[in-house]
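# sequence plus the predicted model coming up.
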Amino acid sequence: MEGRAFLWTSRICLTLEWLALGLWVGGLVVLVAAVIPAVFNTFGGQDSGGFFLTRAFEGFNRVVLGSMAVLVAGLAWRRWIHHPAMPPTFAEMAVLGTMVLIAGIIIGVLHPQAVALQVEAFAIKDEAARKAALAAFFKIHMPVRALYMVNVCLGIVLTGIRVNHTLRWGKGQA
């Protein structure tokens with residue numbers, strides 16, 4: 001691939017990668033900083049707010065799956081063609097790989113378990129049994145929240161790695 005086609009393909013690829021990373025990190029920041037507080041301050045109770053947030057996070061997880069596909073495909077493409085401006089570094093691959101692994105654990109294992117426990121807990125009418133079911137739900141929900149926070153931190157680190165790499169390359173071209 002040479003000349004203009006390479007330049008345009010590179011621009012499109014890198015733009016899509018930056019957009020995907022921004023959606024992944026920014027989406028979670030918006031959910032945590034704005035949506036969660038708004039839901040519990042607006043909705044009438046724990047049940048309706050909890051179900052709404054479950055649906056919001058399921059939508060976010062779909063965005064993450066799309067972002068993962070774009071980021072992994074872009075990284076693989078840059079590695080395959082030995083991209084001169086943005087060759088993927090080991091640090092970039094390691095951080096993205098860790099993010100993908102964590103997201104896979106959340107989306108494929110922990111989130112479905114948490115949803116099942118939430119549905120079960122909200123269906124129980126007996127107060128003592130409901131309290132025990134909610135305790136089981138929160139026991140699984142806490143690691144999910146922690147892993148989301150780890151992933152957002154890793155996303156910020158990945159952004160920094162990519163910015164640093166871009167600036168270092170641009171400095172060498174000046």
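Looks like it came in fine. Numbering: from 1, shown residues only.

# setting the sequence-adjacent residues aside, check what's closest to residue 39.
Counting by Cβ to Cβ, 6 or more residues apart in numbering, residue 49 is the residue found nearest to residue 39 once chain neighbours are left out, at 4.7 Å. All C-beta spots, glycine's among them, are computed from the backbone N, C-alpha and C.

# tell me which residues of the helix or strand hosting that neighbour come out buried.
Assigned by DSSP states H and E, residue 49 belongs to helix 46-80. Buried residues in helix 46-80, counted by 16 or more other Cβ atoms under 10 Å: 49-53, 56-57, 60-61, 64, 67-68, 70-72, 74-75, 78.

# least confident secondary structure element in the chain?
Using mean pLDDT, DSSP states H and E, helix 36-42 stands out as the lowest-scoring helix or strand of the chain, at a mean of 82.

# from the chain's centroid, how far away is it?
Its chain's C-alpha centre and that of helix 36-42 lie 21 Å apart, by Cα atoms, centre = their mean, to the nearest Å.

# tell me which element residue 119 falls in.
Using DSSP H and E, residue 119 falls in helix 111-123.

# please disregard the earlier target; I meant residue 84.
According to DSSP H and E, residue 84 maps onto no helix or strand at all.

# separation between it and residue 78?
For residue 84, the distance to residue 78 equals 10 Å [Cβ to Cβ, to the nearest Å].

# same check, this time on residue 43
The spacing between residue 43 and residue 78, counted by Cβ to Cβ, is 44 Å.

# what does residue 114 give?
In terms of Cβ to Cβ, residue 114 sits 35 Å off from residue 78.

# run a quick neighbour tally on residue 116.
Other residues lying near residue 116 total 12 when counted by other Cβ atoms under 10 Å.

# equivalent analysis for residue 121, please.
Look at residue 121: counted by other Cβ under 10 Å, it has 21 neighbours.

# what does residue 137 give?
21.

# just want the angle from the helix or strand where residue 10 lies to helix 46-80.
Here residue 10 sits within helix 3-30, counting by DSSP H and E. Relative orientation of helix 3-30 versus helix 46-80 (axes from the mean of the first three to the mean of the last three Cα atoms, to 10 degrees): 160 degrees.

# in helix 3-30, which residues are buried?
Buried residues in helix 3-30, counting neighbours by 16+ other Cβ under 10 Å, are found at 10, 13, 14, 17, 18, 20, 21, 23, 24, 25, 27, 28.

# in the chain, which residue is closest to the centre?
residue 24 (4.2 Å; Cα atoms, centre = their mean).
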